[in-house]
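Asks: this one's sequence-less:
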């Protein structure tokens, strides 16, 4: 017989995977809540402390990549700090207008426009915009891979 807490823990891990591709939904945090719920339910026995620490660190790194990936990429592409802050704000606003595509287009478009205004160099502006867009998309991929890994680890721990 499967306990309801186990089902909720797995459900949270599945929701974490979904949340990793849906902007503004804390995918890795939701997955970690599922893992910690199962750990609590097992009497702090499963998963073991090494696996729990590894999953926690992995989750925190993915969370950092999610929050800072676009900004770090934009900066690597030559965008200013002000540009990256404006791009983040526009991306969040456009998420509510156009969904996930709004974030990518909002960030890339804002970086291009602001950097072009600052430097009057279309190639430099395009490079910074592409870096920012790739950073936003890459952080989503990282978060998806991490949450899927967490889900698989949880299921393996439960089944073994």
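Replies: It's in. Keep in mind that this is a model prediction, so the values were computed, not measured.
Asks: Kindly list the longest helix within the chain.
Replies: Assignment by DSSP state H gives helix 122-159 as the longest helix of the chain.
Asks: Only the buried residues of that one, if you could.
Replies: Within helix 122-159, the residues that count as buried by 16 or more other CB atoms under 10 Å are 124-137, 139-140, 142-144, 146-151, 153-154, 157. Yep, even glycine has a C-beta here, placed from its N, CA and C like the rest.
Asks: residue contacts, the residue lying closest to residue 154 once chain neighbours are set aside?
Replies: Spatial nearest neighbour of residue 154, chain neighbours left out: residue 13 (5.1 Å); criterion: CB to CB, 6 or more residues apart in numbering. Contact analysis of residue 13 by CB atoms under 8 Å, 6 or more residues apart in numbering lists 30, 31, 34, 35, 147, 150, 151, 154, 155.
Asks: Take the residues you listed and write them to JSON lines, including pLDDT and distance to residue 70.
Replies: Shown next, in JSON lines, are those (pLDDT from 0 to 100; distance: CB to CB, whole Å):
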{"residue": "30", "pLDDT": "96", "distance to residue 70": "21"}
{"residue": "31", "pLDDT": "97", "distance to residue 70": "21"}
{"residue": "34", "pLDDT": "97", "distance to residue 70": "26"}
{"residue": "35", "pLDDT": "98", "distance to residue 70": "27"}
{"residue": "147", "pLDDT": "96", "distance to residue 70": "19"}
{"residue": "150", "pLDDT": "97", "distance to residue 70": "23"}
{"residue": "151", "pLDDT": "97", "distance to residue 70": "25"}
{"residue": "154", "pLDDT": "97", "distance to residue 70": "29"}
{"residue": "155", "pLDDT": "97", "distance to residue 70": "31"}
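Asks: Any regions of the chain where pLDDT drops low?
Replies: The chain contains residues with pLDDT under 70 at 1, 24.
Asks: Surely residue 56 and residue 32 touch.
Replies: Yes. With contact defined as CB atoms under 8 Å, residue 56 counts as touching residue 32 (6.5 Å).
Asks: more crowded one of these two?
Replies: Each of residue 56 and residue 32 has its neighbours counted (other CB atoms under 10 Å); residue 32 has more, 24 against 15.
Asks: Which strands or helices does the helix or strand where the more buried one lies pack on?
Replies: Following DSSP states H and E, one finds residue 32 within helix 27-41. For helix 27-41, the packing partners by 3 or more CB pairs under 8 Å, 6 or more residues apart in numbering; DSSP states H and E come out as helix 4-21, helix 49-76, helix 122-159.
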